[in-house]
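A.B. asks: Turn this into a model:
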Amino acid sequence: MFYLLKLQLLCITKKQPIVKIQKKLLPILSLIILFIVAETKAQAQQVASTKKDFLIMSELDEKPDFPGGIYEFYKFIGANYKTPEVQGLSGKIYVTFIIEKDGSLADIRVLRDIGYGTGTEAIRVLQNSPKWIPGKYKGEAVRALYSLPIKIEATGGFGEKIYSVAEVFEKPTYPGGLQNFYIDLSKQFKSPEKAGLKGQLIIGFIIEKDGSVSQTSILKDLGYGTGEEAIRCIKLTKKWIPGKLKDGTAVNTAYSLPITIQSPN
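C.D. replies: As a prediction, this is how the structure comes out:
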């Protein structure tokens, strides 16, 4: 833009009286000023848009709270959370969310889960949470970032045991072998249009005793929707040959697989 204006100035100033030059320069100078002002405003807007529009706990005068206290919040979680039927499953899920000015929850994210859909279930429950009492700064309600752990511990009384691969006599196998599984997966998988994306994700799932796949979960992700796409494709693959005990009984078996992703350049 400035290069073109410079050329115009050179053309005007060659062998022309000063008065004429001034008259012809005025619209161009006005254009330059308008261009600079517009550019400055655009940069200011860009800087403003990068600023966070929420406060963290240490910045608040009054911290947000669940009606009745945090104990009541965990009671709500316990009453609504559906723990996966996996014996011995135990651990913590770490979540973050924004408590809005009206007390509703937004931007719910799982920082870490323990597989078997535990993170997805935590998001579902939090999306149905009663409104919180919002945090305050200088007497006014503000958006606040909140994080907390949710402890998961499977209890007894489930219908059928889910075995680990180490517990079964015959490990689950895919028809034609694992190589065929990856071939079938690659036919379905749609890589994200992200140049240079490369790495490995890990998907966990249960191979039911009839060979079907259930309780798929993302154990390690690359982002850009790769984990969700892998789960979609796994559900479209053939039925597996289930794991078996020494007496030949087919059983439900927990299984996990790495999937290598490399987007085209």
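A.B. asks: How about the secondary structure of residue 82?
C.D. replies: When classified by DSSP: H, G, I helix; E, B strand; the rest coil, residue 82 comes out as coil.
A.B. asks: hmm, which helix or strand of the protein has the shakiest average pLDDT?
C.D. replies: None of the helices or strands of the chain scores lower by mean pLDDT, DSSP states H and E than helix 2-13, at a mean of 42.
A.B. asks: mind listing the helices in the stretch 151-265 of the chain by residue range?
C.D. replies: Remark: helices assigned in the stretch 151-265 of the chain by DSSP state H, counting those that start in this stretch are 178-188, 226-234.
A.B. asks: relative to helix 178-188, how tilted is the last one?
C.D. replies: Here helix 226-234 runs at an angle of 110 degrees relative to helix 178-188 (axes from the mean of the first three to the mean of the last three Cα atoms, to 10 degrees).
A.B. asks: Kindly provide the whole-number mean pLDDT of helix 226-234.
C.D. replies: What helix 226-234 shows for mean pLDDT is 88.
A.B. asks: Ok, stretch 170-183 next?
C.D. replies: Across stretch 170-183, pLDDT averages out at 92.
A.B. asks: give me every residue that touches the residue lying closest to residue 129 once chain neighbours are set aside.
C.D. replies: Spatial nearest neighbour of residue 129, excluding adjacent residues (Cβ to Cβ, 6 or more residues apart in numbering): residue 105 at 5.6 Å. Heads up, the C-betas are built off the backbone N, CA and C, glycines and all. Listed by Cβ atoms under 8 Å, 6 or more residues apart in numbering, the contact set of residue 105 reads 97, 98, 99, 126, 127, 129, 132.
A.B. asks: right, so the helices of the stretch 151-265 of the chain: which one is the most enclosed?
C.D. replies: A comparison of these by mean neighbour count, using mean count of other Cβ atoms under 10 Å, puts helix 226-234 on top with a mean of 18.
A.B. asks: Can you spell out which helices and strands pack onto that helix?
C.D. replies: When contacts are defined as 3 or more Cβ pairs under 8 Å, 6 or more residues apart in numbering; DSSP states H and E, helix 226-234 sits against helix 178-188, strand 198-207, strand 213-220.
A.B. asks: hmm, who's touching that helix?
C.D. replies: Applying Cβ under 8 Å, 6+ apart, the external contacts of helix 226-234 come out as 185, 188-192, 197, 201, 203, 205, 213, 216-218, 221, 259, 261.
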